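Engineer: Would you be able to build a 3D model of this:
(chains A and B)
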Amino acid sequence: MKLVVAIIKPFKLDEVRQALTAIGVHGMTVTEVKGYGRQKGHTEIYRGAEYIVNFLPKLRIEIAVSSELAVKAVEVISAGARTGQIGDGKIFVTPIDHALRIRTGETDSDAL
Amino acid sequence: MSALPRHAACAAAALFVASIFSALATPALADSPLISAADTAWMIVATALVLMMTIPGLALFYSGMVRKKNVLATMAQSLAAVMIISILWVAFGYSLVFVGDGPWLGTLDRWFLAGMTMDSTNPAAKTIPEALFMLYQMTFAIITVALVAGAVADRMRFSAYLLFSVGWFMFVYVPLAHWVWGGGFLAGIGVLDFAGGLVVHLSAGVGGLVAAKVMGRRHGYGSENLSPFDLSLAVVGTGLLWVGWFGFNGGSALSANSRAVMAIIATHLAACAGALSWGAVEWMTRRKPSVLGMISGAVAGLGTITPASGFVAPWHGIVIGVIAGLVCFWACTWLKQRFNYDDSLDVFGVHGIGGMTGTLLAGVFATAAIGGTPGLIEGNPQQLLIQLYGVAVTLAWAGGVTFLLLKLVGAFTPLRVSREHELEGLDITQHGEALQ
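Structural biologist: Residues are numbered from 1 along each chain as shown, chains lettered A, B, ... in the order given. Sure, this is the predicted structure:
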């Protein structure tokens, strides 16, 4: 079991969601986050006052999938979220030790 | 006399007695009680429009420009101005401004509206009920006090603001309004201020500048990100101010006539031209026309046309608006940085500079066919000097008294929140509430 965490540009969410649904990923958690990497920030000007905004809005997608599906998921997220511009985001994959569906008590792969 | 028929003598006596009674019942002010239904209807609407400028217009305009932690506190300042100034206006403000025409101050004859009747009128507006004239002028006093607060947003204690607004109304607004509109010495020499370039905008702007200077800069000014919480609120607020301004300037004709319409056209055109010129100069100097820039330009145009509307031709509104956008942009960017004062919401840059510019331009563009007074262009350079004198008096009075008043209030209670409270936000520390 793998946890796939992707930080993407907010307007790419729909493409990524559709691509994941197409390969059989039927659940995800999305969080609005702020951060910066190579893209750094941008400058905002309000009546002459300039502010450097370091943290840019991004979305953080989390999906828990079987190890086989994880490889495919990374591929489609990467394809769906890519614009080719700086700031497209990153994908991290980590192992999951244990999973449990709260309603039924099913565990591990049954719970995904 | 005995030749007079008895009943005729009785009738004459009855008439005489009746006239005495009616003279007693009618206040001295009501010399021609010819109330016009049309004028009254328009002025009721105009009164509502001007109140709408403060709540929610100015409340939204200002609170959209502060940080999220200070939104409610900023709205509270506009609300407080409505609550406090309305009552003070009824108590003594109206009477001291508009009743009696001494050079310095009116009288207290209408203390708590004493003697105001269904039929009474004010000599300044003979075709509407005096009560309506009183109410209309109340809304001007409210917004003037509410405007000042923008300069000290994000850092003034609410209790200090309440005391300050009472004092500012009493010692800055009331005398100034009497001098210009109530038959005082500025009215006497012929200063043109149709709807409040001096009384409202310059006085609030200078008051704000002095207050910003006395209170000091916000924590993090010039180093941290103080960007606005939600400019869409400010856009909505600008729309309400803009529409409300039709009542502000159009209503200042005090009747439903062509002069009111001419004032409204000039007002609308100035707002459009101001928004365009501010946006354009931003586009040229900073590569993007910001929405904040466009709404700032609109308000600058509106504030600047205020003293001139009702005296100038409608198309002058375009010229005055373009100038307003450019001059106020300069004041909010270059001037503010050069002198390094933290006028949080640019009350001086927009309203102070706008009111001053508009008062002077009224002396340039005044058109006899509209307001009965010729200006510089129509061969009356004297008028420009009179306008300059009005500006100088307003600058000196509003600036000086605001300074003394803040020192006085500061002697009783701290003007500014503690550093911790400023960082935490005024909503939670002053009012115990916060936006989530």
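Engineer: where's the residue nearest to B:Thr139 when sequence neighbours are not counted relative to B:Met43, distance?
Structural biologist: Of all residues not flanking B:Thr139 in the chain, B:Val50 sits nearest, at 3.8 Å (Cβ to Cβ, 6 or more residues apart in numbering or on different chains). C-betas here are computed from N, CA, C, even on glycine. Per Cβ to Cβ, to the nearest Å, B:Val50 is found 10 Å from B:Met43.
Engineer: host element of the closest residue to chain A within the stretch 151-300 of chain B?
Structural biologist: Closest contact between the stretch 151-300 of chain B and chain A, by Cβ to the nearest Cβ, is at B:Asn225 (4.2 Å). Of the helices and strands defined by DSSP states H and E, none includes B:Asn225.
Engineer: Over to B:Leu241?
Structural biologist: Using DSSP H and E, B:Leu241 sits in helix B:231-250.
Engineer: Give me the helices and strands touching the host helix or strand of B:Ala260, please.
Structural biologist: Taking DSSP H and E as the definition, B:Ala260 sits inside helix B:258-286. Helices and strands touching helix B:258-286, by 3 or more Cβ pairs under 8 Å, 6 or more residues apart in numbering or on different chains; DSSP states H and E, are helix B:231-250, helix B:291-305, helix B:316-330, helix B:368-371.
Engineer: just the CA coordinates of stretch B:134-141, formatted as PDB?
Structural biologist: What follows is stretch B:134-141, C-alpha atoms only, in PDB (Å, rounded to 0.1, in the frame of the first residue of the first chain):
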ATOM      1  CA  MET B 134     -31.500  68.700   9.600                       C
ATOM      2  CA  LEU B 135     -31.500  65.000   8.800                       C
ATOM      3  CA  TYR B 136     -29.800  65.400   5.400                       C
ATOM      4  CA  GLN B 137     -27.000  67.500   6.900                       C
ATOM      5  CA  MET B 138     -26.600  64.900   9.700                       C
ATOM      6  CA  THR B 139     -25.500  62.300   7.200                       C
ATOM      7  CA  PHE B 140     -22.700  64.600   6.000                       C
ATOM      8  CA  ALA B 141     -21.300  65.000   9.600                       C
END
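Engineer: now that stretch, how far from the chain's geometric center?
Structural biologist: Centre-to-centre, stretch B:134-141 and its host chain are 9 Å apart (Cα atoms, centre = their mean, to the nearest Å).
Engineer: so how far is B:Asp346 from the residue of the stretch 151-300 of chain B closest to chain A?
Structural biologist: From B:Asn225 across to B:Asp346, the span is 18 Å (Cβ to Cβ).
Engineer: any common contacting residues for B:Val50 and B:Met43?
Structural biologist: B:136, B:251 (Cβ atoms under 8 Å, 6 or more residues apart in numbering or on different chains).
Engineer: Tell me, what's the model's pLDDT at whichever residue of chain A sits closest to chain B?
Structural biologist: Nearest residue of chain A to chain B, counting by Cβ to the nearest Cβ: A:Gly48, 3.3 Å away. What the model reports as pLDDT for A:Gly48 is 81.
Engineer: Could you tell me which residues make contact with it?
Structural biologist: B:332-334, B:336-337.
Engineer: Look at the closest residue to B:Met52 other than its chain neighbours and report its pLDDT.
Structural biologist: Nearest residue to B:Met52, sequence neighbours excluded (Cβ to Cβ, 6+ apart): B:Gly244, at 4.8 Å. Listed pLDDT for B:Gly244 reads 98.
Engineer: what's the one helix or strand the residue nearest to B:Thr139 maps to in contact with?
Structural biologist: B:Val50 is located in helix B:37-52, with elements delineated by DSSP H and E. Contacting residues not belonging to helix B:37-52 are listed as B:82, B:125, B:127-129, B:132-133, B:135-136, B:139-140, B:142-143, B:240, B:243-248, B:250-251, B:254-256, B:260 [Cβ under 8 Å, 6+ apart].
Engineer: The nearest residue to B:Trp242 once chain neighbours are set aside and B:Gly358, how far apart?
Structural biologist: Nearest non-adjacent residue to B:Trp242, counting by Cβ to Cβ, 6+ apart: B:Ala271, 5.5 Å away. Going from B:Ala271 to B:Gly358 by Cβ to Cβ gives 12 Å.
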